[in-house]
Every structure is written in C-alpha cells, then in structure tokens.
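Q: sequence unavailable; structure follows:
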Ligand code: C2E
Ligand code: MG
Ligand code: MG
C-alpha cells in the first residue's frame, strides 16, 4: 500500500495550471507486535515516519524498537529545553564579522549555546530542529532577541562602539502572525534601536513561500530591522526573487567558501558570480566559514564585503566579544 501511495504521489497531481509534486514520508506500526493501543501504535508510526524522513523524502519505514530510543531522546531534549528556558540555562555566543576592505569589526552573529547538564554537549544542529518541531523555538527566539538587546546595551554602557547583531530566524518563528509585533515590543522595552538588529532567514526557508517572505521582509524593513539571506546558494532562488526580496545582505554558504580552495577555478567563478549578482542588486555579501588564508585572500580579491569564520574569529562569549571590541578600539 505504501509503495502504491508513493507511486501516485510521484506522478504528481494536475491542477489548472501546474502539476503539484508531493513527497510524503510514511511510518508504519503493526498490531499487535508494535503496540496494543491506538496511542501506542500512533506514537510508533510517528517515530517510524521521522525515520523515513531522515532517510530522504518519498519513503516509508516500518517501526523498529531502536526508533523509540530516538523518540525518547527527542522527548528528553524537549524537556531539557523547557527547563533551560524556565531557568535561564541558555547563553549567547557572538561570532564577529569583519569588513573585507579594512578588516574592522562589522558586527556579530548571535549563536545560541545551552548551559544545561543534559543539553551541554549538544550543538544547535542537534536541538534547534527539535525545538522547531515542538514549537519551543518561538519562545527561544524571543529570549535570543531580548538577550542580544541586553548585550548591545552592555557594550554601549562600557563605551564600546555600537555593534550590529544578526539573529537567526527559523521557519516556525516566521509562521507566527504576530512575530514582528512581538520583536518590536522586545526591542522597544530593551531600549535598543531596531537598526542594530539584523534577522537572518535561510534561503531555502525564504523560498518555501516566496510571496509571503517578500511581504514579511518588507514589514521587517518598514519597522527598521535589516534582513539577511543566510546559507545562500543552497536554496535555488533566482535573480527575480532576490530582486523582490531586496535585502541588505547575502551570506554565501560555507560550502562555496570552502570551494574556493577545494574546487579551484570553478569554485572561484561561482563565488565571483554570487558577489556580482548581489552587488548588481545593491546588496552586501558576507562569506561564511572562512577557514584559510587563501580563502580570505581570494574573497578580498573578489571584493567580498564582509567575512565570518574560524580563521578570523570563533563565536565568543559576550565578555570575550567586549574584549575584542575594546582591543580594536584602543588599537585604532
Ligand atoms: P548559521 O546561521 O549558518 O551559523 C553559522 C554556523 O557556522 C555556526 O554554527 C558557527 O559556529 C559555524 N561556523 C562559523 N564559522 C565557521 C567556520 O569557519 N568553519 C565552520 N566549519 N563552521 C563555522 P552553530 O553555532 O553550531 O549554529 C548552527 C546553526 O544553528 C546556525 O547556522 C543557525 O541556523 C542555527 N542557530 C544557531 N543559533 C540559533 C538561534 O539563536 N536561533 C535559531 N533559530 N537558529 C540558530
Ligand atoms: Mg546564520
Ligand atoms: Mg549560515
């Protein structure tokens, strides 16, 4: 049956002017071996469905006992996230971004870190998707903004130069109808100027509903926030969409920065094309994941506006970031 469903879906569904392609993931639990109550069977079918998703779309999967462990782990992460939010067991790290021409600090990206006994060893890639699925990312996102504002004010109070901070937005956050309103409330109550906050939207998320994204970007910009398209190059947008989005910044995905070393002439040609595209639309370009001197040199040659990566600066605690700003200021 599952094969047949997948086969139908693969053929697509014809509507008036286009064919819709759906890529379902199917999880299967069997009675009685996988459970003897509706709840249990549904829970196990759900676990099998996530396993099918992990293996790529358009697939089905039968429940197996080890999937329960994955489910248990998810539940554990969810409850730890809940506790972390309640008790303030999160912190933010700030990764500096540098100007390509002068080498000055251009701003920072806020990256969340858990300080929780059970989450401690986890990286965002492990728990952000869990928080996204459970919806907890919405509250976490508000916390991130508030904490970022607090740090911006701290730096200012120490007499450090004003710093623009980029904050990542996830799809679930973007689906909140009152997102911008809430963000404005936080920024105002923390006494920070909207122009000091930039939100990063990944290209693939931006493209999921490009029309809606365009409206949201406009609304963010009208409120005074800046927008950046993150992980650019991985999400199949076109010049036409970029023109509509009209954002401040494009962040070239790490993959392409890495390609400057790994893919020779072709690697440079792609980055050059992205930079030319962005500049033709009056956007700044940031290269992510700069790890080697040769990448840095090539990016400078290609007139990349800003660089971010382990070579120039790892994500730092707020205090360490203050020191960086302080050292730069006194050196200048
Ligand atoms: P991202 O927005 O693309 O963030 C950049 C990631 O690349 C960070 O990982 C950063 O530590 C890492 N990175 C920076 N420079 C280098 C480099 O030179 N080499 C390599 N290999 N990696 C580098 P991190 O902190 O683990 O974050 C991963 C992702 O998790 C982020 O990707 C972002 O999508 C998400 N994330 C992090 N913090 C938040 C948050 O507060 N809210 C939301 N919604 N998502 C977040
Ligand atoms: Mg980012
Ligand atoms: Mg990125």
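A: Looks like it came in fine. Only a predicted model underlies this, so the values are computations on that prediction, with no experimental measurement involved. Ligands and ions are numbered 1, 2, ... in the order given.
Q: now the helices: where do they sit in the chain?
A: In the chain, the helices defined using DSSP state H lie at 2-11, 38-54, 65-87, 124-134, 137-157, 171-174, 179-189, 203-208, 210-223, 239-245, 254-262, 264-280, 293-301, 318-331.
Q: mind putting the ones you listed in JSON lines, distance to ligand 2 and mean pLDDT included?
A: (Each C-beta comes from the backbone N, C-alpha and C, glycine too.) Formatted as JSON lines, those follow (distance: least, Cβ to the ion, whole Å; pLDDT from 0 to 100):
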{"stretch": "helix 2-11", "distance to ligand 2": "33", "mean pLDDT": "90"}
{"stretch": "helix 38-54", "distance to ligand 2": "23", "mean pLDDT": "90"}
{"stretch": "helix 65-87", "distance to ligand 2": "20", "mean pLDDT": "87"}
{"stretch": "helix 124-134", "distance to ligand 2": "10", "mean pLDDT": "91"}
{"stretch": "helix 137-157", "distance to ligand 2": "12", "mean pLDDT": "96"}
{"stretch": "helix 171-174", "distance to ligand 2": "13", "mean pLDDT": "93"}
{"stretch": "helix 179-189", "distance to ligand 2": "17", "mean pLDDT": "97"}
{"stretch": "helix 203-208", "distance to ligand 2": "11", "mean pLDDT": "90"}
{"stretch": "helix 210-223", "distance to ligand 2": "16", "mean pLDDT": "95"}
{"stretch": "helix 239-245", "distance to ligand 2": "16", "mean pLDDT": "89"}
{"stretch": "helix 254-262", "distance to ligand 2": "10", "mean pLDDT": "94"}
{"stretch": "helix 264-280", "distance to ligand 2": "16", "mean pLDDT": "94"}
{"stretch": "helix 293-301", "distance to ligand 2": "18", "mean pLDDT": "97"}
{"stretch": "helix 318-331", "distance to ligand 2": "16", "mean pLDDT": "92"}
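Q: and those: which comes nearest residue 229?
A: Residue 229 lies closest to helix 203-208 among the helices of the chain, at 5.2 Å (Cβ to Cβ).
Q: neighbouring contacts of that closest one?
A: With Cβ atoms under 8 Å, 6 or more residues apart in numbering as the test, helix 203-208 has contacts from 169-171, 174, 213, 229-237, 241, 245.
Q: and if we set it to 7 Å?
A: With contact meaning Cβ atoms under 7 Å, 6 or more residues apart in numbering, helix 203-208 is reached by 171, 174, 213, 229-232, 234-237, 241, 245.
Q: top of those by neighbour count?
A: When neighbours are counted by other Cβ atoms under 10 Å, residue 229 leads the contacts of helix 203-208 with 29 neighbours.
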